[in-house]
Structure formats: C-alpha cells, structure tokens
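**Q** here is my input; please provide its structure:
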Amino acid sequence: MAPLAWLGLMQLASPALPVGGFSYSEGLEAAVETGRVTNEAQATSWLLDQLQLSLGRADLPACVAAMRAWREQDMGAVQAVNDWLLQTRETSELRLQAEQMGRSLLEWLRNKPQDEHSRAQLQALAALQPAPSWPVAFALAAAQTGAPLREAMLAHGFGWAENMVGAAVKAVPLGQSAGQRILQALSAALPGAVDAALAMGDDQRQAFTPMLAILSAQHEAQYSRLFRS
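**A** Model (predicted):
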C-alpha cells in the first residue's frame, strides 16, 4: 500500500477525526447503568460480542458494499446501502449517530483539496437522502485514499474499537491499561470480522441486536449520562 494511502487510513481511524465519534457509546453506557458491564472482563466480552454481532454483520459489510459502489460509480448501489443502514437503526439515537457522523465527515472532506472527480463524489454524498450515513461517508473517504478494500475495512473497524474502548474507560470506569488490553482483544478479533464482511453478500447483511436496541432506547431517557448514545 502506498504510504499516503496508509497514512490516510490512519487519519480516518483516529479518534481525533472531527466527526464526534468519541461522544457515543452505542448503548454501552446504558449497559453500565443497568449493571451488565461493571468491570474489564465484562466490558471486553460486551465489545467482542458487539463487534461480531453488530459491526461485523451490519456496518462492516455495508461499508464494503458502499466502497465498491463508490469505486464503480454506481450511485444506485450507494443509495441502496445508505437506505439500508438508516432503516435498520433500531433507535432514534443510533440513527442520529449515523447521520451526524456522516454529515460531519462530509464537511471534513469538503475542507480538503479536491479534484473535479472528488468534488462530484462529494456532491453525490451530500445528495443522499435523508442524510449520508457514517459507513457510506467513510467508504467514500477511504476510496479517495486509494487504499485496498481490506485495509480500509480494518481501519473502519479499528476506529470503532478505539472509540468504544474510550467510552468504556470513561463509563465503567476503567484504567488506561485495562483499556489497552480490551483494544488488543478487539484488534485480535477484527481481521476475522473483516474477512467475513468481505465475503458477505448484500442479502446476508443483518441488523438484529435486540438487547442493544432495548438498552439504547432506555438510554434515550436515562437521567444522567455522559454520551449521546
């Protein structure tokens, strides 16, 4: 992989990327509040399950399909993936996260130097209705780096892992060393999840995490909280 492509993926995976990923816990804060996650072992188990059952079966394969569609300039396929992602968000706060982070990445991309083709792609991203979702916007950003598909999905997954570990450190709470141990466990599981996503057909994607949806709905009305989801 070319150095600039590699560095571009590192930037997209960074928690410092100004899209607000650090402000979401994706239901983890509600799991802490209800006593389901109270220590490092439980946080590790929770996030590994979320990686396999949620990110690995929904967002990662959707991001794969979107990146392929961007490269093929198939806007019908891009819109279809975006529709699926937003329609399968099971609570209003999870949908808000997908839309807000997608819009924020669009604005960040607009502030980068762009050639005519890239500007046209950003116009197409902005035109997605009702809003560009985070995985679809990430897919375009990754495609514009010129990075290979698998490496782009590893970056997408690692960015999610870093944000979720940061949420666990704050919400459980945990120490920094515990956070790094959880990140190592997620990193070890990530390549397998990415490979499964790469092999998954469009009709095999699924969004079915009932307890996560229940906790997210409860979190929307939680009395005291640090995170937006």
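**Q** check which helix or strand covers the spatially most central residue of the chain.
**A** By CA atoms, centre = their mean, the chain has its centre lying nearest to residue 160, at 5.2 Å. Assessed by DSSP states H and E, residue 160 sits inside helix 149-171.
**Q** so which bits of the next helix or strand after that helix are buried?
**A** Remark: after helix 149-171, the chain's next helix or strand is helix 176-199, criterion DSSP H and E. By neighbour count with 16 or more other CB atoms under 10 Å, helix 176-199 contains the buried residues 178-179, 181-183, 185-186, 189-190, 193-194, 197. C-betas here are computed from N, CA, C, even on glycine.
**Q** same question for stretch 115-133.
**A** The neighbour-count check on stretch 115-133 (16+ other CB under 10 Å) flags 121-122, 124-125, 128, 131-133 as buried.
**Q** residue 87: which of the residues you listed is nearest?
**A** When these are ranked by distance to residue 87 (CB to CB), residue 133 comes first, at 10.2 Å.
**Q** I'd say that closest one and residue 85 touch.
**A** Yes - judged on CB atoms under 8 Å, residue 133 makes contact with residue 85 at a distance of 4.4 Å.
**Q** give the residues shared as contacts by these two.
**A** Residues within reach of residue 133 and of residue 85 at once, by CB atoms under 8 Å, 6 or more residues apart in numbering, are residue 98.
**Q** returning to what we had before: let me know the closest of the buried residues of stretch 115-133 to residue 146.
**A** Closest approach to residue 146 among the buried residues of stretch 115-133 (CB to CB): residue 121, at 13.4 Å.
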